[in-house]
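[1] I'd like to go over a predicted model; first the sequence, then the structure.
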Amino acid sequence: MTKLYWEDFQVGDVREYGGHEVTEEEIIRFGKEFDPQPFHVDEDAAARSPFGGLVASGWQTAGFFMRMLVDNALKGAQSMGSPGVEWLRWRKPVRPGDTLHVRQVVVDKKPSRNHANMGHVKNHFEILNQDHEVVMEMESYGMFLRRPDGETEA
């Protein structure tokens, strides 16, 4: 597997990946455990809500995103975690049967001020449904190891 270091990320790079189909069962299960509002756990109550039906918690949508990120973009990357999310917005409800995917754009990168062997990569993420509608978007930083001296590029 190719190792991806900080040097391998370039401003303007675009990656698209994912393909998670959201089920009613996982929405209700997550809602009951972590966000037990009626429109996440009860079909009848959800039908009477402003959403007009069952919808996923925004935090569950963020979890779907994270899984797609790890399984795709971070596979082989020399990721050292993240110092945080700059901003996050939920744009449209996620419903049972939606299929989610991710569009990632590198918007900035800089060497770490505190760790000479690492750098920061700022990404803009859009989480889209099967109709290419943005359901969630965010900007956050990832920390990646820098390529060791003598190691060749990916």
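    Thanks, I have the structure now.
[2] quick check: which element contains the residue most central in space within the chain?
    When C-alpha atoms, centre = their mean is applied to the chain, the residue found nearest the centroid is residue 65 (3.2 Å). Secondary structure from DSSP states H and E places residue 65 in helix 58-68.
[3] give me the mean pLDDT for that helix.
    Averaged over helix 58-68, pLDDT sits at 99.
[4] can you offset everything so residue one is 26?
    From this message on, residue numbering opens at 26, which makes the last subject helix 83-93.
[5] can you name every helix or strand that that helix contacts?
    strand 39-46, helix 49-59, strand 109-115, strand 124-136, strand 143-153, strand 159-170 (3 or more C-beta pairs under 8 Å, 6 or more residues apart in numbering; DSSP states H and E). Where C-beta positions appear, they are placed from N, C-alpha and C, glycine not excepted.
[6] turn these into a markdown table, columns for mean neighbour count.
    Converted to a markdown table, the helices and strands packed on helix 83-93 look like this (neighbours: other C-beta atoms under 10 Å):
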| stretch | mean neighbour count |
| --- | --- |
| strand 39-46 | 14 |
| helix 49-59 | 16 |
| strand 109-115 | 12 |
| strand 124-136 | 16 |
| strand 143-153 | 21 |
| strand 159-170 | 19 |
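[7] can you say which of these is nearest to residue 33?
    strand 159-170 (8.3 Å; C-beta to C-beta).
[8] quick one: residue 77 is in a helix?
    No - going by DSSP: H, G, I helix; E, B strand; the rest coil, the assignment for residue 77 is coil, not a helix.
[9] leaving out chain neighbours, which residue sits closest to it?
    With sequence-adjacent residues excluded and distances taken as C-beta to C-beta, 6 or more residues apart in numbering, residue 77 is closest to residue 71, at 7.8 Å.
[10] hmm, that neighbour is touching residue 62, no?
    No - using C-beta atoms under 8 Å, residue 71 is not in contact with residue 62, being 9.2 Å away.
[11] so between those two, which is more surrounded?
    residue 71 (22 against 13; other C-beta atoms under 10 Å).
[12] need the residues that contact stretch 66-77.
    49, 53, 56, 57, 63, 64, 65, 78, 79, 80, 118 (C-beta atoms under 8 Å, 6 or more residues apart in numbering).
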